[in-house]
Every structure is written in C-alpha cells, then in structure tokens.
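Peer 1: Quick check, what structure comes out for this input:
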Amino acid sequence: MTLTKRILLAMILGVGTGVLIHLIAPSEDHFLRAWLARGLFDGIGQVFIASLTLLVVPLVFVSLVCGSAALGGHSRMGALAIKTIGLYLATTAVAITLALGIGQLVKPGEGIDMPGEVEEFQVADKPSLKDTLVGIFPSNPVEAMAEGNMLQVIVFALLLGIAISRSEHKASHYMQEFFGHLNTVVLKLVMILMHLAPYGVFCLLAKLFADLGWSAIADLALYFFTLLFVLLLQGLGVYSLLLKLLTGLNPAIFLRKMRSVMVFGFSTASSNATIPVTLRTVEQDLGVDNRVASFSVPLGATINMDGTAIMQGVATAFIAQVYGIDIGLMGYLMVVLTATLASIGTAGVPGVGMITLAMVLQQAGLPVEGVALIIGVDRLLDMVRTAVNVTGDAMVSTVVANSEKLLDRKQFERPISNED
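Peer 2: A predicted model of the protein is given here:
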C-alpha cells in the first residue's frame with residue numbers, strides 16, 4: 001500500500017475505534033476511555049504531534065535560507081512576496097464572503113432555542129495592528145526559534161538568505177552548499193517521520209472520537225453541515241477553479257497529490273505542524289521550486305486562514321440568528337474586513353479560531369458569549385479547517401511559482417509512484 005492509502009486507512013480505523021469505545025464506555029471513568037483512549041492513544045498521538053512540531057522551525061529556517069539565497073540576487077523577492085500575500089488575502093476574502101452568503105441563505109441558527117444560561121467565554125486580548133507589525137521583526141532570532149514564532153523566523157531567514165546571496169563569491173558558495181546539504185538531511189528526517197504517520201493518525205482520531213462520539217454533531221447538525229459544506233466548497237471548488245484559471249493545470253492531479261497533506265492537516269488540526277509534509281509535497285510532487293515553496297508555505301501556515309475565516313462567517317450568521325440580531329449589510333462588510341485582517345499573525349495551532357471569532361463578534365456588535373454555543377463541535381470542524389488551509393497554501397504556492405516560471409509542469413503531471 002502507498003503511504004497515502006495507509007494514512008487514510010488509519011484515519012478510518014481511528015474514527016471507528018473511537019466511536020466504538022464511546023459506545024461501549026459512556027462513562028469517563030471507564031477503563032477503556034481512561035486508560036486506552038486518554039492514556040495510550042493520547043500519549044502516542046501527542047508524541048507524534050511533538051515530533052512533527054520538532055521539525056517545523058529547522059525545516060522552515062533551512063529551506064527558506066536556501067530559497068532566499070538563490071533568489072536574493074535576482075531582485076524577485078519583492079514581487080514574489082507581493083503576489084503571495086495578495087493571493088492569500090484574496091482567497092481569505094472570498095472564503096469569508098462565501099461563508100456569510102451561504103450562512104444567510106441556509107439560516108442554520110433559526111429555530112434554535114436560546115439556553116437559559118450561556119457559559120461565559122474568556123477572550124484573550126488581541127494585539128493591536130501596530131503591535132502585530134512590530135512583532136514580525138525579531139530582536140532575538142534564537143528566542144524566536146525557541147518560541148516557534150514563525151513570522152520572526154521567516155524574516156530572519158529571508159534576511160540571512162539575501163545576505164548570503166550578496167556576499168563575496170567564496171563565502172556565498174560555501175554557505176549555500178552548507179544549507180543545501182542541511183536541507184537534504186532535514187527532508188530525510190521528514191520522510192522517516194512520515195512512515196510512522198499512520199500510527200499517529202490512528203491514535204489521534206481514536207482518542208478524539210472516544211471523547212466526542214456523534215452526539216456533539218447531532219445537537220448542532222444544521223450549523224455543522226452548513227460549515228462543512230462551505231469548507232468543502234472552498235477546498236475542492238474555489239481552489240480548483242483558481243488553479244485552472246491562473247495556471248491551466250489539472251485540479252484533479254493537484255487534489256490527488258494533496259491527499260496525504262490534507263489527512264495530516266485533518267489529524268493534527270495544526271497548519272504549523274503540517275508544514276514539513278506540505279513543503280515536501282509542494283516541492284517534490286507538485287514541482288514548485290524551493291525558492292518559492294520555502295517562502296510561500298511557511299508564510300501561508302501563518303497568515304492563510306481561509307478555513308478559520310469560513311468558520312467565522314458561518315458562526316457570525318448563526319449566532320446573529322440565534323440571538324435574533326440583524327447586523328445589516330455594513331455589519332457583514334465589517335465582518336469580512338475584520339476576519340480577513342485577523343488572519344494575519346494568527347498562529348497556525350489548534351483552536352486559535354475561537355479567539356479571533358470572539359474579536360469578529362465584538363466588531364459586529366454580537367454577544368461574545370455566543371461562542372459557547374458552537375464550541376462543542378468546533379474541535380471536529382477545526383480539523384477540516386486545517387485541511388482547507390494547507391490545501392490553500394499549496395494552491396497559492398503553485399500559482400505563484402507558475403507566474404515566476406519556477407514550476408516544473410512535467411513534475412506536476414508525473415504520477416505518484418508506490419514508493420512515494
């Protein structure tokens with residue numbers, strides 16, 4: 001079996017095992033849930049995520065230094081950055097607009113009785129735009145790497161790569177060769193970890209569904225499936241259409257090669273943890289040059305939050321309908337703007353969408369307590385959102401590489417071998 005098929009099989013078995021444990025052991029103190037699900041499965045799953053996260057900073061740093069060092073002498077870094085950021089913001093704006101439109105059409109919040117007491121949701125303070133912009137630039141690159149601050153790591157790697165490209169010939173050649181060899185070693189480490197992925201995926205999903213079962217979905221079925229529909233529409237429809245229009249490439253090939261990345265994103269619910277897999281697939285399977293992929297993929301994991309924007313759009317419409325509040329056209333336009341800007345600087349880690357949703361609700365004049373209505377099903381939807389986000393990262397990377405003539409179209413169209 002190919003690695004992708006093994007991961008998909010592990011995902012199905014993990015969901016089935018988790019639901020079975022939930023049915024057999026409804027009590028949280030039961031041996032199966034306490035020892036097997038929350039003990040063994042959760043432990044192996046957490047080790048798997050920690051191993052993926054371990055690779056994020058070294059892979060992004062080394063790969064981006066290689067890319068910017070190769071590109072820095074050609075004066076294309078500015079154009080590449082503008083195209084990449086522009087596309088990310090455009091797809092996020094499309095995503096939130098689509099979500100609000102379908103949320104208004106389906107009206108998932110109508111007819112739902114408001115609970116007597118809504119649990120208060122504590123919102124972390126969101127930094128101002130000035131603090132966000134200042135925070136992009138590192139004062140201590142080692143500290144940025146230790147804390148996993150991806151925007152600061154990206155900026156430092158870009159500066160170092162450009163400095164290498166503009167150094168004297170001997171120093172530049174030696175440093176590019178060194179980082180090139182280091183990049184090869186780190187990618188080999190990624191491959192070693194990917195062969196262990198099916199076991200990690202199985203344990204993560206088995207533990208999640210052992211806790212949740214299907215009951216959490218049934219209570220908010222219309223909201224759940226409305227949001228799921230918009231996420232699939234963005235991930236499979238909008239991205240495929242943009243890829244075809246902007247590059248002429250076959251979207252079916254793109255989606256087929258992205259299957260394993262989507263499964264990783266779904267299982268980990270973290271764009272950052274999926275970076276090693278996304279970067280490898282974008283470069284080796286989609287044919288995107290390292291000079292583009294090493295910049296666009298880590299940046300996308302940090303600022304491209306289309307799935308989160310969709311959740312915010314549908315959730316805003318849902319909460320407004322539940323509370324019977326009409327925020328009007330200007331209110332929805334402000335939601336589009338706020339959600340798009342909120343995606344910049346939002347960490348690519350599980351659950352962060354809830355914090356930015358609270359900010360969007362405040363901007364729209366809706367009660368923040370409404371977050372508590374949907375928090376029960378958000379963990380499952382967070383996994384789908386991440387799969388959409390990483391697919392968007394790869395799509396934008398492919399489009400930008402094609403526009404810069406740094407896309408190997410033959411590599412893109414080459415079938416994936418059994419070994420891959």
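Peer 1: Just confirm Met145 contacts Leu59, I think it does.
Peer 2: No - counting by Cβ atoms under 8 Å, Met145 stays clear of Leu59, with 11.8 Å between them. To be clear about C-beta, it is placed using only N, CA and C from the backbone, and glycine gets the same treatment.
Peer 1: if you skip the residues just before and after it, what's nearest to Gly365?
Peer 2: Nearest residue to Gly365 in three dimensions, chain neighbours excluded: Ile327, at 6.2 Å (Cβ to Cβ, 6 or more residues apart in numbering).
Peer 1: residue contacts, the one you found?
Peer 2: The contact partners of Ile327, taken as Cβ atoms under 8 Å, 6 or more residues apart in numbering, are Thr316, Ala320, Val335, Ala364, Gly365, Leu366.
Peer 1: what's the answer for Ile325, then?
Peer 2: Gly365, Leu366 are the contacts of Ile325 under Cβ under 8 Å, 6+ apart.
Peer 1: That one falls within a strand, correct?
Peer 2: No - under DSSP: H, G, I helix; E, B strand; the rest coil, Ile325 sits outside any strand and is assigned coil.
Peer 1: For Thr316, see how far away it is.
Peer 2: Distance from Ile325 to Thr316, counting by Cβ to Cβ, to the nearest Å: 10 Å.
Peer 1: cool, Asp285 as well?
Peer 2: Look at Asp285 and Thr316: by Cβ to Cβ, they are 36 Å apart.
Peer 1: ok, those two, which is more surrounded?
Peer 2: Between Asp285 and Thr316, Thr316 has the larger neighbour count (other Cβ atoms under 10 Å), namely 29 against 21.
Peer 1: In strands, which of the contacts of Ile327 appear?
Peer 2: Taking DSSP state E as the definition of strands, these contribute nothing to them.
Peer 1: which one of those residues has the most neighbours?
Peer 2: Result: Thr316 is most packed of the contacts of Ile327 (other Cβ under 10 Å), 29 neighbours.
Peer 1: Just the pLDDT for that residue.
Peer 2: Here, the pLDDT recorded for Thr316 equals 85.
Peer 1: wait, isn't it in contact with Pro367?
Peer 2: No - judged on Cβ under 8 Å, Thr316 makes no contact with Pro367 at a distance of 11.6 Å.
Peer 1: Overlap in contacts, these two.
Peer 2: The contact sets of Thr316 and Pro367 overlap at Leu361 (Cβ under 8 Å, 6+ apart).
Peer 1: what's around Ser403, how many residues?
Peer 2: By the criterion of other Cβ under 10 Å, Ser403 has 16 neighbours.
Peer 1: Give me the spatial nearest neighbour of it, chain neighbours excluded.
Peer 2: The shortest distance from Ser403 to any non-neighbouring residue, by Cβ to Cβ, 6+ apart, is to Lys83 (6.3 Å).
Peer 1: Wasn't that neighbour part of a helix?
Peer 2: Yes - under three-state DSSP, Lys83 falls within a helix.
Peer 1: residues contacting it?
Peer 2: Residues in contact with Lys83, defined by Cβ under 8 Å, 6+ apart, are Val400, Ser403, Glu404.
Peer 1: do the same with Phe31
Peer 2: Listed by Cβ under 8 Å, 6+ apart, the contact partners of Phe31 are Ala25.
Peer 1: what's the spacing between it and Ile21?
Peer 2: Distance of Phe31 to Ile21, given as Cβ to Cβ: 10 Å.
Peer 1: And for Leu236?
Peer 2: For Leu236, the distance to Ile21 - Cβ to Cβ - is 31 Å.
Peer 1: Compare the two (neighbour count), which wins?
Peer 2: More crowded of Leu236 and Ile21, by other Cβ under 10 Å: Ile21, with 22 against 14.
Peer 1: The more buried one contacts Leu36, doesn't it?
Peer 2: Yes - with contact defined as Cβ under 8 Å, Ile21 counts as touching Leu36 (6.8 Å).
Peer 1: shared neighbours of those two, which are they?
Peer 2: When contacts are counted by Cβ under 8 Å, 6+ apart, Ile21 and Leu36 are jointly contacted by Ala210.
Peer 1: Now the residue nearest to Gly365, what are its backbone angles?
Peer 2: The phi/psi pair for Ile327 (degrees, to the nearest 10) reads phi -90, psi -10.
Peer 1: on that earlier part again, could I get the contacts of Ile327 as CSV with distance to Leu100?
Peer 2: Output for the contacts of Ile327, formatted as CSV (distance: Cβ to Cβ, whole Å):
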residue, distance to Leu100
Thr316, 7
Ala320, 10
Val335, 7
Ala364, 11
Gly365, 15
Leu366, 13
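Peer 1: and of those, the nearest to Arg259?
Peer 2: The closest of those to Arg259 turns out to be Thr316 (Cβ to Cβ; 31.2 Å).
Peer 1: Pick out the residue nearest the middle of this protein.
Peer 2: Taking Cα atoms, centre = their mean, the centroid of the chain lies closest to Ser271, which sits 3.3 Å from it.
Peer 1: surely that residue meets Val261?
Peer 2: No - using Cβ under 8 Å, Ser271 is not in contact with Val261, being 10.5 Å away.
Peer 1: what helices or strands is the helix or strand containing Thr308 leaning on?
Peer 2: According to DSSP states H and E, Thr308 maps onto helix 306-323. When contacts are defined as 3 or more Cβ pairs under 8 Å, 6 or more residues apart in numbering; DSSP states H and E, helix 306-323 packs onto helix 77-106, helix 221-232, helix 328-342, helix 352-364, helix 371-403.
Peer 1: So what's the residue count around Val186?
Peer 2: Other residues lying near Val186 total 18 when counted by other Cβ under 10 Å.
Peer 1: how close does it get to Pro276?
Peer 2: Taking Cβ to Cβ as the measure, Val186 and Pro276 are separated by 8 Å.
Peer 1: just the helices in the stretch 101-250 of the chain please.
Peer 2: Taking DSSP state H, counting those that start in this stretch as the criterion, the stretch 101-250 of the chain carries its helices at 129-135, 141-147, 150-165, 169-194, 197-212, 215-219, 221-232, 239-247.
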